[in-house]
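In: Sequence first, predicted model second:
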Amino acid sequence: MPVNETLSQYSDWSYTTTVAVYVLAMVFFLIEQSFGRQGRQAAARTKERARELVGAGGAPVTSSPATPPASGTTQAPGGRSRAERFGRMGVALTVLGVLLHCSALVLRGLATSRVPWGNMYEYIMAVCLIAVVAWLVMLRKFPVRHLSMFMLLPVVMLMFIGGTWLYSVAAPLQPALQSYWLVIHVSAAAASSGVFLVPGVASILYLIRSRNESNPAKFARFAPKLPSLDVLDRIAYRTTVFAFPVFTFGVLCGAVWAEAAWGRFWGWDPKETVAFIAWVIYAAYLHSRATAGWRGRRAAMINVVGFAATVFNLFFVNLVTTGLHSYAGVG
Amino acid sequence: MTSTLSPEHKEYRHTRTRSVLAFLRNTWRGLTSMRTALILLFLLALAALPGALLPQRSLNEPKTLEYISQHGWWGQVLDRLQFFDVYSSVWFSAIYLLLMVSLVGCLLPRSVDYVRSMRAKPVLTPRNLARMPHHARAETDAEVGDVISASKSRLRGWRVVEREENGGGRSISAERGYLRETGNLLFHFGMLGVIVTFALGAMYSYEGQVIVLADGDEFCNAGIYNYDSFNPGLRVDGTELNPFCVRVNDFKATYAPTGQPVGYESNIQYQSGADLDSRTWRPYHLQVNEPLRTAGDRVYLLGHGYAPTFTVTFPDGSQRTQTIQWRPVDQITMLSEGATKFERPDVTDSEQRRKSQLAITGLFAPTAALQGNILTSSFPELTDPAVAVDVMRGDLGVDSGRGQSIFEIDQSMVDNGRLQRVARENLGLGQELTLDDGTRVRFDSVQPWVSLQVSHDPTQVWVLGFAVAMFVGLGGSLFVKRRRLWVRVTPVADGDDKRHTVVEVGGLARTDQAGYGEEFTRIAGDLLTRDRRAP
């Protein structure tokens, strides 16, 4: 399996361009988020949409769903505010970024004739792609576009770290990784980690907002521009509920693969241990939302801790400890 | 009668049994509450963490010992507190046992509730549907009965009960999403199964490692003495291992030009069951990720290395040839070290014999690269093998009663002068060196060896089964929504003698609200608009 240097070079260029496009999109979202009036309007829109989604208030549906959403009143009829235009451009840029991101991943795969997640650089690339796609899906369901900047920030940071310190030259796989389980297990792990980024960010915003609600002096300028607690909580829950089974599936496949590769399905390898810890924390998150007194802020905190465990698993376990999962391909 | 009973009833006597019972009851309730389960889950996560941060004895014993000695009293304290055997420690076991009790305590009542709810009819229609989280209302000209039957056909798939109400009205109570609780219970019972079978696996499984020369050498799973190392489960005593034999015919490693390994493969033959009696060998192509599964055990290709062959010609002309595995010290270049030990065949006196033993120790490089006179390896493949050896003569300490490593000589014998270096030289393939007494040592050839692991775990299929049940249950418990829907149809007589029918729909999600709004709007729209259209 020779490595196609040209394709690998194109992949690298594509990767760099993706990061640049994301940074530009971030600037656009920042404009939408921060320019006073519009930011507040965005938050107000969010609240209205939230009410519609909950369906509270007992408004009769007999008038059929054809009625236009009430949000039209907050903006000038026909035209969009400038900040909102920036937001929409930001989304367009993000979509462009995703396309470039995809091509970077696909080209890397073609260059090496294997799945493009065989080392840490490629894995982070895949995780970030999933995270951005998951966020775009969330944008279709919740009016939280003005928050995109907070979502893109960790993605850009991860991709920067991946592209500089963790970069590794396109190369064939080690014998231990040459298995169809690589496709299944690692893609499930990457998909779940990527999606977990969304509830992580949403929960941090939740904590900020809830801090502000209990004490308006805290984050007084920032928090009012965030959507209501209910919306943030539901974004976090929806995404976690999606990612948790995928993560479970990933761990399960990992166990089956470990049985074939290492002689045992579970051996408390550092990666396995931290995956187990993250799994337990997310399980606690799901339980906490069904326990009186643990909903809301505590649940959000647990979710943030879960995400911290995921990040810890990605960096610390791969780079600092030595275990069977040491495939980072770094130094 | 009652007057005499009630004072007695009120007076609660604090007998010992009662307080013990109360204590037990409260403990049980506390233990099985969701809050406790949550805290236990956190404790479990926290308790598992040291296992990822500190070296573990079960995974890497030398590293653990090194860590302990490097950290002085702190290492000793951690060792005492079982921080190097986290997963078999008292505190870790305590947490997961408590969690298991909590799980069982949660599951038993829920299972009872589950059976009950499976038989129960959907609850009565609330008097005021407008107070439900989801509500819709419409008027229609259709008859009550028509509306009800139309609604029923729309609510196919729901568990439906129809009830008569006062004033000629009728209502439907519908409920759906019972699979959520099914999935929930399946998930938790699956988890219980995984925990139990995992624990059983720790008792009845074993793992053994053995190095076999890849030149047709054989290994038989007949007893633990055939292994180089053996890790039995708590209830395995090493007898009655599943009998099978393996013969390793060759080994091949392929490398990228950078020296990165691309593939390891070995052609083996094996016999088990009836083949053992008929001495039939079956071929198998052993690779990483593709273990041999036979006789209920698995054989893995874990590692490889090189075994140099040395021939020693003693002064009297007698020759001895040995091929002993040397262990890689650098996994990237496969530079290896080892010790090949010889006894003089021409000396009969055992005392004399003990003092004239020979050991060839040093380094082996599959692709020799000399830096000055220092031998290193530049590539892991066998292209230009060479050895840099020290020949030691004297008492190897084989009879000292201490265990000997096959890769090393006993350094204490060198230290106390009973083992002395008599030559140091670099040898290429076929080259030889001569000792002062005329003994010649020749480096003949190199054989690859493979390190095999035999694993036995009778419970792992069960673990897999329960894990799959968990996963399926998880899907049900997260994605199915338990929700209720009510339809109330009431005839209303207007003043001008025209009869109307009021249709009200109410909905309530019994679990998380997320997502029911849309479905409710759709169903309510269907129910109400269809009723209006039908005259």
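Out: Yep, that arrived. Bear in mind that the values here come from a model prediction, so they are computed numbers and not experimental data.

In: Can you classify residue B:403 by secondary structure?
Out: For residue B:403, the reduced secondary structure class is coil; criterion used: DSSP: H, G, I helix; E, B strand; the rest coil.

In: burial measure for it, as a count.
Out: 6 (other Cβ atoms under 10 Å in any protein chain shown). Every C-beta, even on glycine, is put in place using the N, C-alpha and C of the backbone.

In: any bit of the strand or helix carrying residue A:208 sitting next to chain B?
Out: With elements taken from DSSP states H and E, the one containing residue A:208 is helix A:187-214. No - contact of helix A:187-214 with chain B is not found when judged by Cβ under 8 Å from any Cβ of the partner chain; the minimum separation is 11.4 Å.

In: Confidence-wise, which helix or strand of chain A is lowest on average?
Out: Averaged element by element with mean pLDDT, DSSP states H and E, chain A has its least confident helix or strand at helix A:36-54 (a mean of 55).

In: buried ones in the next helix or strand after that one?
Out: Using DSSP H and E, the helix or strand that directly follows helix A:36-54 along the chain is helix A:82-112. Taking 16 or more other Cβ atoms under 10 Å in any protein chain shown as the neighbour-count basis, helix A:82-112 is seen to contain the buried residues A:83-84, A:86-87, A:89-91, A:93-94, A:96-98, A:100-101, A:103-105, A:107-112.

In: How about the residues of the stretch 1-150 of chain B by chain A?
Out: Within the stretch 1-150 of chain B, the positions lying close to chain A (Cβ under 8 Å from any Cβ) are B:34-35, B:37-38, B:41-42, B:44-45, B:48-49, B:51-53, B:56, B:58-59, B:86-87, B:130, B:133-138.

In: What's the PyMOL syntax to select whichever of these are buried?
Out: For anyone working in PyMOL, the buried entries among those, judged by 16+ other Cβ under 10 Å, can be selected with:
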select buried, chain B and resi 34+37+38+41+42+44+45+48+49+51+52+53+56+59+86+87+133+134+135+136+137+138
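
In: follow-up on the earlier one: from the contact counts, what lies against the helix holding residue A:208?
Out: In terms of contacts (3 or more Cβ pairs under 8 Å, 6 or more residues apart in numbering or on different chains; DSSP states H and E), helix A:187-214 is packed against helix A:120-141, helix A:148-164, helix A:229-261, helix A:297-319.

In: Mind checking the pLDDT average for it?
Out: Here helix A:187-214 scores 94 as its mean pLDDT.

In: What values do phi and psi take at the residue in chain B positioned nearest to chain A?
Out: Checking chain B residue by residue against chain A with Cβ to the nearest Cβ singles out residue B:517 as nearest, at 3.8 Å. The main-chain torsion angles of residue B:517 are listed as degrees, to the nearest 10 and equal phi -50, psi -50.

In: what's the answer for residue B:304, then?
Out: Note on residue B:304: its backbone torsions stand at phi -150, psi 170 [degrees, to the nearest 10].

In: which residue sits closest to it, ignoring its sequence neighbours?
Out: Closest residue in space to residue B:304, ignoring its immediate chain neighbours: residue B:450 at 5.1 Å, by Cβ to Cβ, 6 or more residues apart in numbering or on different chains.

In: and that neighbour, which of the three is it?
Out: Put simply, residue B:450 is strand when judged by three-state DSSP.

In: What's opposite it in the beta bridge?
Out: residue B:212, residue B:304 (DSSP bridges).

In: What confidence value was assigned to it?
Out: Model confidence at residue B:450, expressed as pLDDT, equals 94.

In: Count residues in the vicinity of it, would you?
Out: Close neighbours of residue B:450, defined as other Cβ under 10 Å, add up to 27.

In: Low-confidence stretches in the stretch 401-535 of chain B?
Out: Low-confidence segments of the stretch 401-535 of chain B, defined by pLDDT under 70: B:494-498, B:512-515, B:530-535.

In: those strands in it, which residues are they?
Out: Counting by DSSP state E, counting those that start in this stretch, the stretch 401-535 of chain B has these strands, from start to end: B:419-428, B:432-434, B:440-456, B:483-493, B:499-509.

In: Can you list the buried residues in the shortest one?
Out: Using 16+ other Cβ under 10 Å as the burial criterion, the residues of strand B:432-434 that qualify are residue B:433.

In: likewise the longest one?
Out: For strand B:440-456, the buried set under the neighbour-count rule, 16+ other Cβ under 10 Å, comprises B:441-443, B:445-456.

In: Specify which member of those is nearest to residue B:364.
Out: For the buried residues of strand B:440-456, the residue nearest residue B:364 by Cβ to Cβ is residue B:446; the value is 7.7 Å.

In: Pull the contacting residues for the closest one.
Out: The contact partners of residue B:446, taken as Cβ atoms under 8 Å, 6 or more residues apart in numbering or on different chains, are B:306, B:307, B:308, B:309, B:364, B:366, B:382, B:385, B:429.

In: Check residue B:470 too.
Out: Taking Cβ under 8 Å, 6+ apart as the definition, contacts of residue B:470 comprise A:248, B:186, B:187, B:190, B:191, B:194.

In: if you set the cut-off to 10 Å instead, what comes out?
Out: Neighbour list for residue B:470: A:248, A:252, B:183, B:186, B:187, B:188, B:189, B:190, B:191, B:192, B:193, B:194 [criterion: Cβ atoms under 10 Å, 6 or more residues apart in numbering or on different chains].

In: Name the helix or strand for the fourth one, please.
Out: Pointing back at residue B:186 there. With secondary structure defined by DSSP H and E, residue B:186 is part of helix B:179-204.

In: okay, stretch B:95-110 in CSV with CA atoms only?
Out: Presented in CSV, the C-alpha positions along stretch B:95-110 are these (Å, rounded to 0.1, in the frame of the first residue of the first chain):
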residue,chain,number,x,y,z
ILE,B,95,-18.4,0.4,45.3
TYR,B,96,-19.5,-1.9,42.6
LEU,B,97,-21.1,-4.3,45.0
LEU,B,98,-23.1,-1.5,46.5
LEU,B,99,-24.0,-0.3,43.0
MET,B,100,-25.2,-3.8,42.2
VAL,B,101,-27.3,-3.9,45.3
SER,B,102,-28.7,-0.5,44.4
LEU,B,103,-29.4,-1.7,40.9
VAL,B,104,-31.2,-4.8,42.1
GLY,B,105,-33.1,-2.8,44.6
CYS,B,106,-34.2,-0.4,41.9
LEU,B,107,-35.0,-3.2,39.4
LEU,B,108,-37.2,-5.4,41.5
PRO,B,109,-39.9,-2.9,42.3
ARG,B,110,-39.7,-1.5,38.8
